[in-house]
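Engineer: Take a look and give me a structure for this.
(one chain, ligands or ions: 3)
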Amino acid sequence: MANSSPAFPRASGMEVLFSKTQIAERVREIGAQISADYEGKSIVLIGVLKGAAIFLSDLARAIEVNNTFDFVAVSSYGPAKMSSGIVKLIKDIDNPIEGKHVILVEDILDTGLTLSYLRGMMLQHKPASLKIATCLDKPARRLVPMDADYVGFQIPNQFVIGYGMDYAEQYRNLEDIRIFSDNTTQSVGFQKNRSRSSHSVEG
Ligand SMILES: O=P(O)(O)OC[C@H]1O[C@H](OP(=O)(O)OP(=O)(O)O)[C@H](O)[C@@H]1O
Ligand code: HPA
Ligand SMILES: [Mg+2]
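Structural biologist: Ligands and ions are numbered 1, 2, ... in the order given. Got it, this is the predicted structure:
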């Protein structure tokens, strides 16, 4: 029977950038740092869907101080291979954060457009404090100035998958973080660029 679904390259052949063990160790370290920084306080972790869901769930459990979580979702529109730079909120926080200590949690800080927008949005809610935690930081791609307070790993300018991060919605469930490579001839029939920001994967 003909299979019309797109074929995705197997992740097992792609280079591991950070193993499950390395990620777990780094998440523990960041959790300990946050626990020390916020001793005696409560924190609201705000994850950016969908990529940050897995990092947030691990980070929340590595933080010893009282924490709750919430999620936002954004989209950006523009020509397929170019970021419009316009980010739009499509799901806001469920609970007020005024007067609360907030940490925005991302899987990856890339051009900075998403976090720059969200930071501005969150500040309008007048939190007591606002910091940013990101699992990965790819500084070479920055289009707007943006720094995170807690960074898991800095990475070179390569497209990565796993631990929440996708390529065309695939691979989020990988336990380690890998450099996406598409050396197969089967990977036709699906959009190589992402629906939202500007990433296109050459191949
Ligand atoms: O710094 P930037 O260039 O703005 O890129 C970072 C954003 O892009 C990715 O989201 P994506 O659009 O892939 O959505 P997803 O989390 O649902 O995969 C990632 O999860 C960040 O939210
Ligand atoms: O390298 C990446 N991988 C997956 N999603 C992303 N969003 C921004 N950069 C990336
Ligand atoms: Mg994505």
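Engineer: what does the average pLDDT come to for the lengthiest helix in the chain?
Structural biologist: Ranked by residue count, the top helix of the chain under DSSP state H comes out as helix 20-37. Helix 20-37 comes out with an average pLDDT of 98.
Engineer: can you check stretch 68-81 too?
Structural biologist: Mean per-residue pLDDT for stretch 68-81: 78.
Engineer: could I get the helix or strand following the longest helix of the chain in PDB with only the CA atoms?
Structural biologist: Where DSSP states H and E defines the elements, the next helix or strand beyond helix 20-37 is strand 43-49. C-alpha atoms of strand 43-49 as PDB (Å, rounded to 0.1, in the frame of the first residue of the first chain):
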ATOM      1  CA  ILE A  43       7.900  31.600  41.900                       C
ATOM      2  CA  VAL A  44       5.600  31.400  38.900                       C
ATOM      3  CA  LEU A  45       7.200  29.600  36.000                       C
ATOM      4  CA  ILE A  46       5.700  30.600  32.600                       C
ATOM      5  CA  GLY A  47       6.500  28.200  29.800                       C
ATOM      6  CA  VAL A  48       6.300  29.100  26.200                       C
ATOM      7  CA  LEU A  49       4.400  26.400  24.300                       C
END
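Engineer: Buried residues in strand 43-49, which are they?
Structural biologist: The neighbour-count check on strand 43-49 (16 or more other CB atoms under 10 Å) flags 43-48 as buried. Quick note: C-beta positions are derived from backbone N, CA and C, even for glycine.
Engineer: quick revisit: buried sites along the longest helix of the chain?
Structural biologist: 23, 26-27, 30-31, 34, 37.
Engineer: Dump those residues to JSON lines, plus distance to N95.
Structural biologist: As requested, the buried residues of helix 20-37 are exported to JSON lines (distance: CB to CB, whole Å):
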{"residue": "I23", "distance to N95": "29"}
{"residue": "R26", "distance to N95": "29"}
{"residue": "V27", "distance to N95": "24"}
{"residue": "I30", "distance to N95": "24"}
{"residue": "G31", "distance to N95": "22"}
{"residue": "I34", "distance to N95": "20"}
{"residue": "D37", "distance to N95": "22"}
